[in-house]
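K.L.:
kindly return the folded structure for what I paste below:
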Amino acid sequence: MLECVVMGRYPYLKNFERYSAKDFDIALTSMTRVGLSGFENRIISTLSTGEAARAAFARAITQDAPVILLDEPTSALDPKHAIDMTSLIRQLAGEGRLVILSLHDVNLAINHTDRLILLKNGRVFGETHSSILDEAMLCGLYDNPWEIWSAGGGDKLVAIPGKI
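P.N.:
Modelled structure (predicted):
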């Protein structure tokens, strides 16, 4: 699997140049950051869907691009790894990278992002800071009632869809 992750360094190679020890070190660091330390010798086709998703994210981190676009990066992950992934995404943003991601998980979005752009039927439905997303916006977005509660001592929000 290390060979797949180090491919993120490909844009930095000149014609016919091989990956350097530094490239492999960067790839190994990325694998550690996504929780795949010890998977270096695994064959990519033997990975679970979630492990493969984390390997792809490790390759993206290895590329060291200033902008990262992610489409549903947590869709194949169990809750623990989804939280770990969104926490790492937040760390990358804190390191100065611009991270844009699409999420369907409302709770991950409101607790692990800063700014939300809500899309409905291919158009912008609204924009807000994640901390001030309200039930009316979610109701209009999903055509379904929602409740938003404070949790975790007030530092987390929980959004729960209701019935019409």
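K.L.:
now do the helices in the chain.
P.N.:
Counting by DSSP state H, the chain has helices at residues 2-6, 21-33, 49-63, 79-94, 106-112, 135-142.
K.L.:
what lies in contact with the first one?
P.N.:
The contact list for helix 2-6, computed with C-beta atoms under 8 Å, 6 or more residues apart in numbering, reads 19, 23-24, 26-28, 30-31, 40-41, 44, 55, 58-59, 62. In short, each C-beta sits where N, CA and C put it, glycine included.
K.L.:
that one: which residues count as buried?
P.N.:
Neighbour-count burial for helix 2-6, counted by 16 or more other C-beta atoms under 10 Å, picks out L2, C4, V5, V6.
K.L.:
of those residues, closest to S87?
P.N.:
V5 (19.7 Å; C-beta to C-beta).
K.L.:
quick check: the closest one vs I83, distance?
P.N.:
V5 is 22 Å from I83, where distance means C-beta to C-beta, to the nearest Å.
K.L.:
which pLDDT value goes with N144?
P.N.:
In this prediction, N144 carries a pLDDT score of 93.
K.L.:
same deal with I164?
P.N.:
54.
K.L.:
got any ranges where this structure has weak pLDDT?
P.N.:
Applying pLDDT under 70 to the chain picks out residues 163-164.
K.L.:
check contacts around the closest residue to A55 other than its chain neighbours.
P.N.:
In space, and not counting its chain neighbours, A55 is closest to M1: 5.7 Å by C-beta to C-beta, 6 or more residues apart in numbering. M1 makes contact with M31, L36, F39, E40, N41, R42, I43, I44, L47, A55, according to C-beta under 8 Å, 6+ apart.
K.L.:
farthest-apart pair in those, please.
P.N.:
Using C-beta to C-beta, the pair of the contacts of M1 lying farthest apart is M31 and I43, separated by 14.7 Å.
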